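> show me how the following folds:
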Amino acid sequence: MKRLVAALALSASIAAPGIAAFPAQAVTPAAAANADAGDLAPVEAAFQAKDYEKAFALAKPLAEKGNAKAQVLVATLYNNGVGTQRNTAEAVKWLRKAANQGNADGQYALGLMTRDGIGMKPNAAAGRKLFEAAAAQGHPGGESELGLCYATGSGGPQDDARAVKWLREATKAGSANGQFYLGALYAAGKGVPQDLKQAARLYELAGNQGQPDANYQLGLMLQAGKGVEKNDSVAAIRFKAAARSGSAGAAAALGYAYYAGTGVEKDPKLAAQWFSLAASQGVPDAQHRLAQLFYAGEGVKKDPSAALFWLTLAEKAGIEDKALRDALKPLVSPEEQAKVDAEVARVTGGKAKPAKKPAH
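Just a heads-up that it's a prediction; the model follows:
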């Protein structure tokens with residue numbers, strides 16, 4: 001249950017929208033006030049064809065003339081660095097222009113960047129106001145994030161009843177984040193009576209739309225048989241979907257599944273690959289397990305230095321394994337120890353690159 005409750009807090013750190021996220025949001029009548037569908041048709045065609053340079057070249061003049069939808073699209077391309085060089089300051093500038101015209105997409109996207117400090121200093125209160133403006137126009141993304149603000153007290157008062165209200169509106173509109181957030185409230189019994197079946201149903205709806213946290217939480221429930229019938233095979237499928245969408249916890253869970261043969265055929269090599277992905281994203285349990293695998297040469301080539309590296313990272317997160325550290329001590333030379341220490345310093349300095357996702 002602690003994991004389910006933690007889902008609300010974790011979801012507040014969701015990254016800024018991806019390439020398609022800004023323009024894919026529903027456009028309300030107010031948001032479309034300055035949009036000429038005829039002018040935008042070639043832009044949208046280029047965008048859908050993934051010809052982002054052409055989309056940017058066509059959208060920029062329209063944005064400069066005040067077309068709010070074009071301004072949002074230009075901001076999207078700047079934010080993702082496709083079709084043009086990445087420039088978060090420019091993304092913020094164009095989103096602000098769109099938001100000031102009452103464009104709900106612009107308000108929502110600018111709210112995300114404001115809250116998370118992308119292209120500016122984080123400002124939860126200002127982000128919340130932008131979500132309020134978007135939600136007032138019926139924008140599903142704005143409703144979802146405003147509901148999350150009320151659930152967590154981010155940027156203003158905490159109010160479970162209002163959180164549920166806004167998340168239900170978002171869920172009705174089909175928002176995957178809204179479905180996930182509302183599911184987390186049902187799982188925790190926060191603002192609503194605890195109902196694990198309802199939580200699982202909402203996680204499934206969100207997971208079917210690719211929401212990674214929902215797939216991860218549903219996988220945990222399937223694995224434990226809480227709110228749903230226990231099904232390790234389907235749990236593994238959900239974990240894989242979540243892990244491929246960036247959920248570090250799901251990658252670790254999938255590693256354990258392959259290691260133990262739970263819901264999938266036992267495969268130490270795949271277990272090591274998924275543990276590696278989770279470990280590179282900072283999951284302490286995965287770092288510890290990967291250290292054990294490198295020490296034993298299970299699923300990976302035996303490598304005491306690699307084992308020491310991952311064990312050291314796990315220890316920094318509070319995991320202790322004196323037996324493994326003692327076993328590694330005579331296997332690692334002073335020179336190798338120095339290299340491990342340097343690599344740990346580099347990684348903890350924020351310069352580590354995530355591992356590649358396994359092919360299976």
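> next SSE downstream of the helix or strand hosting Ala307?
Take DSSP states H and E as the rule and Ala307 turns out to sit in helix 304-316. Per DSSP H and E, the first helix or strand lying C-terminal to helix 304-316 is helix 322-328.
> list of residues touching that next one?
For helix 322-328, the surrounding residues in contact (Cβ atoms under 8 Å, 6 or more residues apart in numbering) are Ala291, Gln292, Tyr295, Pro304, Ala307, Leu308, Leu311, Glu315. Yep, even glycine has a C-beta here, placed from its N, CA and C like the rest.
> got the angle between the very next helix or strand once past it and helix 304-316?
Where DSSP H and E defines the elements, the next helix or strand beyond helix 322-328 is helix 334-346. For helix 334-346 against helix 304-316, the angle by axes from the mean of the first three to the mean of the last three Cα atoms, to 10 degrees is 40 degrees.
> chain center to helix 334-346, what's the gap?
The chain centroid and the centroid of helix 334-346 are separated by 31 Å under Cα atoms, centre = their mean, to the nearest Å.
> how about Leu270: what's its closest non-neighbour residue?
Tyr258 (4.4 Å; Cβ to Cβ, 6 or more residues apart in numbering).
> which SS state does the one you found fall under?
On the three-state scheme (DSSP: H, G, I helix; E, B strand; the rest coil), Tyr258 is labelled helix.
> hmm, back to that, can I get the contacts of helix 322-328 in CSV with neighbour count and distance to Ala75?
Formatted as CSV, the contacts of helix 322-328 follow (neighbours: other Cβ atoms under 10 Å; distance: Cβ to Cβ, whole Å):
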residue, neighbour count, distance to Ala75
Ala291, 28, 43
Gln292, 16, 46
Tyr295, 22, 48
Pro304, 20, 49
Ala307, 26, 45
Leu308, 26, 45
Leu311, 24, 44
Glu315, 19, 42
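> re earlier: got the contact list for the helix holding Ala307?
Contacts for helix 304-316 (Cβ under 8 Å, 6+ apart): 279, 284-285, 287-288, 290-295, 300, 321, 324-325, 328, 331-332, 336-337, 339-341, 343-344, 347-348.
> how about 7 Å then?
Under the contact criterion Cβ atoms under 7 Å, 6 or more residues apart in numbering, helix 304-316 has outside partners 279, 284, 287-288, 290-291, 294-295, 321, 324-325, 328, 331-332, 336, 339-340, 343-344, 347-348.
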